[in-house]
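# Need coordinates for the below:
(one chain, ligands or ions: 1)
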Amino acid sequence: MNLSYWEIKSWLCNTDFTVVGSGIVGLSCALQLKEQFPKSNILILEQGFLPQGASTKNAGFACFGSLSEVIEDLKTHSEEEVLQLVKMRVDGLNLLKQTLGETSIGYKNYGGYELFLEQDDLYESCLTQMNSINQLLKPVFNAPVYSKKSNVFKFNNIKEYYVFNPFEGQIDTGLLMASLLNKVQSKGIKIINNCGVENFTESGNSVKIKTNLFEFSTSKLLIATNGFASQLIGEEVKPARAQVLITKPIKDLHIKGTFHLDKGYYYFRNIDNRILFGGGRHLDFKGEETTEFGETEQIQNRLEELLKTVILPNTPFEIEHRWSGIMGVGGQKKAIVKQLSNQVFCGVRLGGMGIAMGSLVGKELAGLSSC
Ligand SMILES: Cc1cc2nc3c(=O)[nH]c(=O)nc-3n(C[C@H](O)[C@H](O)[C@H](O)COP(=O)(O)OP(=O)(O)OC[C@H]3O[C@@H](n4cnc5c(N)ncnc54)[C@H](O)[C@@H]3O)c2cc1C
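Modelled structure (predicted):
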């Protein structure tokens, strides 16, 4: 199909910035660019009919690290690095709230809980190190972050205490992404969906982009494709699929908050009188290292079993729906935000805490490309 003169003139000519990927990073980056360069032409290309990676699929934890995660990170990062990681996530969440407002993202500050299964060997060492980690994080929160709490939600087969974190919240993932998309479009930034970038070549001051629909040129190219990054660029990012299920509404549901279970390998929360429950990637790391969406019996059965035996042991429930999303992970927790060549930049590898990091990474990416 030949594009019309009008389509070429109004959508594909004089493009200053082209962003690939309309997840939280790509959209935040485009917003920041528009703020810095109000007259610029910005185009976002998205391969899905909606954003199709992690940003519309996630569990909506507004979190910055459970106690066991912080302790785990200290094995591979210095104290200063861990403090900076937590600070970045907290700053990122604040930027997100500032950009869209708490109501537009459905933010609820119900607190977060870490639960330990009966056989969990981390429990004792987490409780022992709790005070020193609180001390480490004091410069960020100015108050103790983690404390012991008894089993008020009556979960089964877990240790006597949870670790409670009053600073953790939850968002409505769909509301957040719809609000962000609205804001981007209201600023005159164009989004073309169902348009996958296949490759690009740089020459002089421009980049030629080939998509599944058309070819065109842009002054600068910003890649925000997270788990799909290695299809376009050579950075160290592996895809990591994460599976989720959600129950039908449960009458008088007593559970409220965000919950991390078994070193964060599982996570669940309340939403609309339902339980949303995800995780289990560690049951088949190799199989879940994929950009294909899908659910497997092995992981879904384990999620259901934990719902029955740990989370809702005395409450009848039915599963309404299941889905998956694709994350981008790697050896380091830090996102990769860098200039790849004269006119090409990337902000990828958001890991499992992209809600907290996404807007900040988008801002950093915009900053890099506007120097
Ligand atoms: C099930 C699940 C639960 C999660 N839970 C949480 C949570 O509770 N809290 C939290 O903070 N984080 C969570 N995360 C992680 C978080 O969702 C991600 O870190 C974050 O959304 C990453 O945003 P992004 O914009 O970098 O990537 P994405 O949202 O994946 O966006 C990348 C976009 O690029 C598009 N794309 C890829 N290749 C191309 C191409 N060649 N051409 C055009 N477009 C392309 C994709 O379709 C996609 O829309 C979860 C993730 C999953 C999957």
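# Quick check: residues of the stretch 251-371 of the chain near the ligand?
The interface of the stretch 251-371 of the chain toward the ligand, taken as CB under 6 Å from any ligand atom, is made up of 278, 325, 327, 350-356, 358. Where you see a C-beta, it was placed from the backbone N, CA and C, and this is true even at glycine.
# Please enumerate the strands of the stretch 151-300 of the chain.
Secondary structure of the stretch 151-300 of the chain (DSSP state E, counting those that start in this stretch): strands at 161-165, 169-170, 190-192, 197-203, 206-211, 215-223, 238-247, 258-261, 266-271, 274-279.
# would TSV of these with mean pLDDT be doable?
Below are the strands of the stretch 151-300 of the chain laid out as TSV (pLDDT from 0 to 100):
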stretch	mean pLDDT
strand 161-165	96
strand 169-170	98
strand 190-192	98
strand 197-203	96
strand 206-211	98
strand 215-223	97
strand 238-247	98
strand 258-261	97
strand 266-271	98
strand 274-279	98
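# I'd like these as CSV, with distance to Gln52 and mean neighbour count appended.
Rendered in CSV, the data for the strands of the stretch 151-300 of the chain read as follows (distance: least, CB to CB, whole Å; neighbours: other CB atoms under 10 Å):
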stretch, distance to Gln52, mean neighbour count
strand 161-165, 31, 22
strand 169-170, 23, 25
strand 190-192, 13, 17
strand 197-203, 13, 14
strand 206-211, 15, 18
strand 215-223, 16, 21
strand 238-247, 13, 22
strand 258-261, 24, 25
strand 266-271, 21, 22
strand 274-279, 17, 23
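# can the ones you listed go into JSON lines with extra columns for distance to Lys334?
Output for these, formatted as JSON lines (distance: least, CB to CB, whole Å):
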{"stretch": "strand 161-165", "distance to Lys334": "22"}
{"stretch": "strand 169-170", "distance to Lys334": "23"}
{"stretch": "strand 190-192", "distance to Lys334": "28"}
{"stretch": "strand 197-203", "distance to Lys334": "25"}
{"stretch": "strand 206-211", "distance to Lys334": "26"}
{"stretch": "strand 215-223", "distance to Lys334": "17"}
{"stretch": "strand 238-247", "distance to Lys334": "15"}
{"stretch": "strand 258-261", "distance to Lys334": "21"}
{"stretch": "strand 266-271", "distance to Lys334": "21"}
{"stretch": "strand 274-279", "distance to Lys334": "22"}
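# and of these, who's closest to Leu93?
Leu93 lies closest, by CB to CB, to one member of the strands of the stretch 151-300 of the chain: strand 169-170, at 7.9 Å.
# and that closest one, how far from the chain's centre?
13 Å (CA atoms, centre = their mean, to the nearest Å).
# ok, now stretch 76-89?
Chain-centre distance of stretch 76-89: 18 Å, with CA atoms, centre = their mean.
# please begin residue numbering at 279 from this point
Sounds good: first residue 279 from here, last item stretch 354-367.
# Now do it: everything it contacts.
Contact partners of stretch 354-367, identified using CB atoms under 8 Å, 6 or more residues apart in numbering, comprise 341-343, 348, 351-352, 414-415, 417-418, 611-612, 631, 634-635, 638.
# and which of those is nearest to the ligand?
The ligand lies nearest to Met631 out of those, by CB to the nearest ligand atom, at 4.2 Å.
# The closest one: what secondary structure?
helix (DSSP: H, G, I helix; E, B strand; the rest coil).
# For the closest residue to it other than its chain neighbours, give its distance to the ligand.
Take Met631 and drop its neighbours on the chain: the residue closest to it by CB to CB, 6 or more residues apart in numbering is Arg367, 5.9 Å away. Using CB to the nearest ligand atom, to the nearest Å, Arg367 is found at 8 Å from the ligand.
# in which helix or strand would I find Arg367?
helix 357-378 (DSSP states H and E).
# Quick check: buried residues in that helix?
360-361, 363-364, 366-371, 373-375, 377-378 (16 or more other CB atoms under 10 Å).
# about what we covered before: of all pairs in the contacts of stretch 354-367, which one spans the longest distance?
Leu352 and Leu638 (22.0 Å).
# who has more neighbours, these two?
Leu638 (23 against 16; other CB atoms under 10 Å).
# Can you tell me whether I have it right that the more buried one is in a strand?
No: looking at Leu638 with three-state DSSP, it is helix, so not inside a strand.
# The residue in the stretch 329-478 of the chain positioned nearest to the ligand: how many residues sit nearby?
Closest residue of the stretch 329-478 of the chain to the ligand, CB to the nearest ligand atom: Gly331 (2.0 Å). By other CB under 10 Å, 30 other residues sit near Gly331.
# Please look at it and Leu628 and confirm they touch.
No: applying CB atoms under 8 Å as the test, Gly331 and Leu628 come out as separate, 9.3 Å apart.
# Mutual contacts of those two, please.
Common neighbours of Gly331 and Leu628 (CB under 8 Å, 6+ apart) are Asn504.
# Most neighbours among the residues of the stretch 529-649 of the chain next to the ligand, which one?
Busiest of those [other CB under 10 Å] is Gly636, holding 30 neighbours.
# excluding its backbone neighbours, what's nearest that one?
Closest to Gly636 by CB to CB, 6+ apart is Ile302, at 3.3 Å.
# Let me know the pLDDT of that neighbour.
Ile302 carries a pLDDT value of 98.
# mind listing the helices in the stretch 379-528 of the chain by residue range?
With DSSP state H, counting those that start in this stretch applied, the stretch 379-528 of the chain shows helices at 401-414, 416-419, 451-464, listed in chain order.
# So which other helices or strands are in contact with the shortest one?
Counting contacts by 3 or more CB pairs under 8 Å, 6 or more residues apart in numbering; DSSP states H and E, the secondary-structure elements packed against helix 416-419 are helix 357-378.
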